[in-house]
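**Q** Quick one: sequence and predicted model below, then my questions.
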Amino acid sequence: MQKRVFVGFGFGAIQSGLFLFEAYRSGAFDRLVVAEVMPEVVDALRQTGGVYTLNVATQHGVTVHEVKGVEIFNPSDESDRTQLVAALANASEIATALPSVDFYEHGSPSVADLLALGLTKKIQQQHPLSCITYTAENNNRAAEILHASLKKRIPSHLHYDIDRVHQTLNTVIGKMSKVVADPVEIDTEHLAKITDKLPRAFLVEEFNRILISTVTLSGFQRGIGVFEEKRDLLPFEEAKLYGHNATHALMGYMANRKGYRYLSDVAHDAQLMAMARAAFLEESGRALIARWTGVDGLFSPDGFKAYVDDLMVRMVNPYLRDTVERVIRDPKRKLGWDDRLIGTMRMSLDAGIEPYRFAQGAAAALSLLSASRSSTSPSALLDEIWKGSPDEATGRKGHIKDMVLGISL
């Protein structure tokens, strides 16, 4: 019987606190392998014999877990690279958890280069083990982008054989996580460091209901069994972006107006909690149900209410120590035409719902951005952010702009 091998790219909070953690807890894998280009991280994990520590925030406190037996390789090192490619050739499950899809082709060798080499070696084996790759780069076409990158690196006459044994999967990851680098915060919150030699800490929430594309490889059985397969992830991606992420951003920008340091401070502000919950349920929720009703139980009044109830508790979990500063970073991106604030407003308007609560969040985000761009008017800033986006002819931009600029904070 062939041994099961898991390989991860990138040793960050999601890789360590989700994929490697769940692979380890499953007991289904004989080897856990991770690729990481930071030499100090590679050295630190090797010094522990492949053991790292993870902090998991529950609703009652932080629990500490050890993950053991991890082999770590630096693709920049020739010897490590050879061993990594060999592991990929024998892998049954792979996970990419990189800063963005741009990193698939970044570096020499790139992730796509290494995967292409590993998959080519895989099909040269007498009985190649089928393999899936989870893509966790928060892009709803990450799997397709990675697949295209692989095809460019693999001779066309091998495409069929590789597709017969390998599938890239999209993911919807609603798990909140972070890397804590501040030594004062680590000490104050009594967090366990990744290793004694690596003065950072992984802190993730215990939630692990991760959605993935349906696996279509014949006879394939996942070793990580806790993930849930969905035929079409788009409705759930929109629920995360225009529901979870939008409400999270709304809470953050309004919390910033009130001078709160942590998002958990919002839990003690009944007015703001009520506003955020109403925005989630009555604006994004009603709009998402209108768009996706019948697709899944989530997109029903009762299903979405349960989704909101769960997230409203999780988002203000005090043990996550989620800072307002982190939540509100990059307001320009979050005011994008298709992003969480304006995208949610557009979807709500399409459903005949006036999103006045999300407009307040957008106004707070715009105010923050304007403070750093005082030479540009708020109206001109929105024009700059939305340049090239559609809906010019419908007047939708004008309507949304009037809503946002008309709010007095």
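**A** Ah, there it is. Numbering: from 1, shown residues only.

**Q** I'd like the mean pLDDT over the helix or strand that Ala363 is a member of, please.
**A** Assigned by DSSP states H and E, Ala363 belongs to helix 356-372. The average of the pLDDT scores along helix 356-372 is 97.

**Q** Any chance you could list what contacts the helix or strand just after it?
**A** Next in sequence after helix 356-372, counting helices and strands by DSSP H and E, comes helix 378-385. The contact list for helix 378-385, computed with CB atoms under 8 Å, 6 or more residues apart in numbering, reads 332, 335-337, 366-367, 369-370, 373, 376, 401, 404-405. For every residue, glycine as well, the C-beta is placed using N, CA and C.

**Q** Are any of those buried, and if so which?
**A** 332, 335, 337, 366-367, 369-370, 401, 404-405 (16 or more other CB atoms under 10 Å).

**Q** Can you say which two of these are spatially most distant?
**A** Based on CB to CB, the longest span within the buried ones among the contacts of helix 378-385 runs between Trp337 and Ser367 and measures 18.9 Å.

**Q** Near the closest residue to Leu366 other than its chain neighbours, how many other residues are there?
**A** Nearest non-adjacent residue to Leu366, counting by CB to CB, 6 or more residues apart in numbering: Pro378, 5.4 Å away. Applying other CB atoms under 10 Å, we find 16 residues neighbouring Pro378.

**Q** could the contacts of helix 378-385 go into a markdown table alongside distance to Gly259?
**A** A markdown table is the format used below for the contacts of helix 378-385 (distance: CB to CB, whole Å):
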| residue | distance to Gly259 |
| --- | --- |
| Lys332 | 22 |
| Leu335 | 22 |
| Gly336 | 26 |
| Trp337 | 30 |
| Leu366 | 19 |
| Ser367 | 14 |
| Leu369 | 18 |
| Ser370 | 18 |
| Arg373 | 22 |
| Thr376 | 25 |
| Lys401 | 28 |
| Val404 | 22 |
| Leu405 | 24 |
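
**Q** For stretch 292-312, buried residues please.
**A** Buried-residue list, stretch 292-312, by 16+ other CB under 10 Å: 292, 295, 298-299, 304, 307-308, 311-312.

**Q** thinking again about what came up before, and the helix holding Ala363, what does it pack onto?
**A** Secondary-structure packing of helix 356-372 (3 or more CB pairs under 8 Å, 6 or more residues apart in numbering; DSSP states H and E): helix 246-257, helix 270-278, helix 331-334, helix 340-350, helix 378-385, helix 396-405.

**Q** Now these in CSV, please, with extra columns for mean pLDDT.
**A** CSV is the format used below for the helices and strands packed on helix 356-372 (pLDDT from 0 to 100):
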stretch, mean pLDDT
helix 246-257, 98
helix 270-278, 98
helix 331-334, 96
helix 340-350, 97
helix 378-385, 95
helix 396-405, 93
